[in-house]
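In: turn this into a structure:
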Amino acid sequence: MAITKVTANVLADNSVTQAKLADDAVGAAELASNAVVAASIADNAVTAGKIADDAIGYAKLGAEFTTAAALSGTAVDWATAAVFTKTLSGNTTLTFSNASTGMVIDLVITGDHALTLPASVKEITGTYDGTVSNLIQIVSTNGNTEQWATISQAATS
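Out: Have a look, this model is predicted:
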């Protein structure tokens, strides 16, 4: 009996499912478009080495890099936003969680009350002035245990 070679031209789009394929039986070039979906890719199959340079755009970044959020309390969760805003209504002590090394957050704080940053924050320059809007930029240099902050206000003319 003659054996017929099965090629991509013989197969209809989406006719081959993962269950029908033997390990390594079909190469990527032989698969019809849309034949492999995210659900059939193992969690560890996509590694940094397989992602092309500049292939991930802004839209694919997590909320911790793209979102602004108003703080209703005193807890700043670094995993939820990049920019946090707050108007102080009394003396306030902030707490931090989920800071990872290399992350940067911005706090835009107003309110003529005392502001205390967590003990893990080392202030590089600037002083909080509650009579104006303050931009406090904080860089985590060692996760939740060490951050560095600069405090700035808009220039006055």
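In: and the gap between the most centrally placed residue in the chain and residue 141?
Out: The centroid of the chain falls nearest to residue 62 when counting by Cα atoms, centre = their mean (3.2 Å). Per Cβ to Cβ, to the nearest Å, residue 62 is found 20 Å from residue 141. No exception for glycine: its C-beta is placed from N, CA and C like everyone else's.
In: follow-up on the earlier one: how close does the residue nearest to the centre of the chain get to residue 111?
Out: 29 Å.
In: can you map out the strands along this structure?
Out: Using DSSP state E, the strands found in the chain span residues 68-70, 75-77, 83-87, 92-93, 95-97, 104-110, 115-116, 121-125, 134-142, 146-153.
In: ok so, going back, name the nearest residue to the residue nearest to the centre of the chain, sequence neighbours excluded.
Out: residue 79 (7.8 Å; Cβ to Cβ, 6 or more residues apart in numbering).
In: touching, the one you found and residue 105? I think so.
Out: No. Judged on Cβ atoms under 8 Å, residue 79 makes no contact with residue 105 at a distance of 10.4 Å.
In: the closest residue in space to residue 91 that isn't next to it in sequence: what's it in contact with?
Out: Closest residue in space to residue 91, ignoring its immediate chain neighbours: residue 114 at 4.3 Å, by Cβ to Cβ, 6+ apart. Applying Cβ atoms under 8 Å, 6 or more residues apart in numbering, we find residue 114 in contact with 91, 92, 130.
In: then residue 121?
Out: Going by Cβ under 8 Å, 6+ apart, residue 121 touches 96, 138, 147, 148, 149.
In: show me what it bridges to in the sheet.
Out: residue 147 (DSSP bridges).
In: my guess is residue 97 contacts residue 76. True?
Out: Yes. Using Cβ under 8 Å, residue 97 is in contact with residue 76, at 7.4 Å.
In: of those two, who's got more company?
Out: Shown here are residue 97 and residue 76; by other Cβ atoms under 10 Å, residue 76 has more neighbours (22 against 12).
In: partners of that one in the sheet?
Out: The partner residues for residue 76, given DSSP bridges, come to residue 96.
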